[in-house]
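**Q** Let me see the structure of the following:
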Amino acid sequence: MKRRVFVMLFLVFYTLSASAQTLRVGVKAVPPFAMEDGEGGWTGISVELWQRVAGQLAWQTEWLVMDSARAQVEGLAAGRIDVAVGALSLTPEREAVMDFSHAFYSTGLAIATPAQRLGWIGVAKQLLSPAFLKAVGILALLLLVVGALLWLVEHKRNAAQFGGSVTEGIGNGFWWSAVTMTTVGYGDKAPVTRLGRVLATIWMFVSVITISSFTAAIASSITLSHFSTLVRGVDDLARVRSLAVEGSTGEQFLSKKGIGTLLVATPDEGLSVLRKGGAEALIYDEPLLRWLLKDATPGIEILPQTIERQDYAFGLKPGFAQREALNRALLAQIRGTEWQETLNRYLGQR
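**A** Residues are numbered from 1 along each chain as shown. Alright, predicted model coming up:
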């Protein structure tokens, strides 16, 4: 009887001591996922999530500040820290030397590049580009076809306006289709046959859509030519000077692509190099770039496409004994409304 009581007390004591353990948590400043709060503590998306998970499991946290993702990985691999919190992406290379929790945020790499104002020279180049000239050619052909059709149905009964030689008649039809499309409508030429008027009515409605689309294309071309980027996608990275943060997944991505890379210590340093003209592209995690540039003056653009999917998770030392309990608590947290409110507060509505 005494032995049974002793065993029960031992189990209770062991459970309480295990649940109240203090974990060494390596944290790296990566706004908005991990940031110093100005009062000696930490805040951010990942930090708040960790604090809720640790609170649920009655774990105490001993924060250890790390200066890079590589330092976090090395600290976990060597057992100097138990957990890494920040914006640590799951990769096969890291998984080989450490463990991960379940992913709690999915994103991708993005390309930041200087935006250049090209002025009216850029406008001229855009208006003389093959794509633009092709569009003008298609529009002219459409006007010619409509003009020829109108001449075909009008030239016998309306010779005063669409008569004469074939060239003159089609030319008059081309003129009519052009002034009708542009809604100028001089009134010097008009169909008189029933079929001609049906064709004219159809062309008037088609013209509204056609000219609106063409005008929008011209406006877009002029806008883009005033504010353009040298790099427009991954294929351009090999021919420009590309930056990556040392030890980041951006460095790994460029290395896999065989692209020569200039390394910087922090993304802030990389953006500074871009502004000074020392490079043309910085490859880094999209939400982190957008956070860094949210209050910046114009001059750096983030390209719209994301590349190389990234999943953020807590890093764990190899053989982390409480991994199952951590994952259960983590999944419960990211399915709750509080997690979505946290994302909205830092990143806005998604």
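
**Q** where exactly do the strands run in the stretch 201-350 of the chain?
**A** 227-229, 242-245, 261-264, 281-285, 300-302, 307-312, 315-316 (DSSP state E, counting those that start in this stretch).

**Q** Quick one: low-confidence residue ranges for this protein.
**A** 1-20, 116-129, 131, 184-187, 217-229, 297, 349-350 (pLDDT under 70).

**Q** How is it divided into domains?
**A** Following the assignment in automatic domain parsing, the chain carries domains at 2-104+313-347, 113-120+229-308, 122-218.

**Q** Mean neighbour count for those domains - can I get that in CSV?
**A** Every residue, glycine included, has its C-beta placed from N, CA and C. Compiled in CSV, those are given as follows (neighbours: other Cβ atoms under 10 Å):
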stretch, mean neighbour count
domain 2-104+313-347, 17
domain 113-120+229-308, 17
domain 122-218, 15
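
**Q** Which residue is the nearest non-sequential neighbour of L57?
**A** In this structure, L57 finds its nearest non-sequential neighbour in A329, 5.5 Å apart by Cβ to Cβ, 6 or more residues apart in numbering.

**Q** Quick check: the gap between that neighbour and A54.
**A** Taking Cβ to Cβ, to the nearest Å as the criterion, A329 is separated from A54 by 8 Å.

**Q** Identify the contacts common to those two.
**A** When contacts are counted by Cβ atoms under 8 Å, 6 or more residues apart in numbering, the set common to A329 and A54 is empty.

**Q** Got phi/psi on L64?
**A** The main-chain torsion angles of L64 are listed as degrees, to the nearest 10 and equal phi -120, psi 120.

**Q** Quick check: closest non-adjacent residue to it.
**A** Of all residues apart from its sequence neighbours, G26 sits closest to L64 (Cβ to Cβ, 6+ apart), at 5.0 Å.

**Q** Residues touching the helix or strand containing that neighbour, excluding its own?
**A** If you go by DSSP states H and E, G26 is part of strand 22-28. Residues outside strand 22-28 that contact it (Cβ under 8 Å, 6+ apart): 34, 42, 47, 50, 54, 59-69, 71-72, 75-76, 80-87, 315.

**Q** helices or strands up against the next helix or strand after that strand?
**A** For strand 22-28, the following helix or strand on the C-terminal side (DSSP H and E) is strand 35-36. Using 3 or more Cβ pairs under 8 Å, 6 or more residues apart in numbering; DSSP states H and E as the contact definition, the elements that strand 35-36 packs against are strand 42-43.

**Q** Parallel or antiparallel, which strands does the strand it packs on pair with?
**A** Partner strands and pairing direction for strand 42-43 (DSSP bridges) are strand 35-36 (antiparallel).

**Q** So what does F320 look like in phi/psi?
**A** The phi/psi pair for F320 (degrees, to the nearest 10) reads phi -60, psi 120.

**Q** what's the angle between the strand or helix carrying E48 and strand 307-312?
**A** Assignment of secondary structure by DSSP H and E places E48 within helix 45-56. Using axes from the mean of the first three to the mean of the last three Cα atoms, to 10 degrees, the interaxial angle of helix 45-56 with respect to strand 307-312 works out to 30 degrees.

**Q** Appreciated, that's everything.
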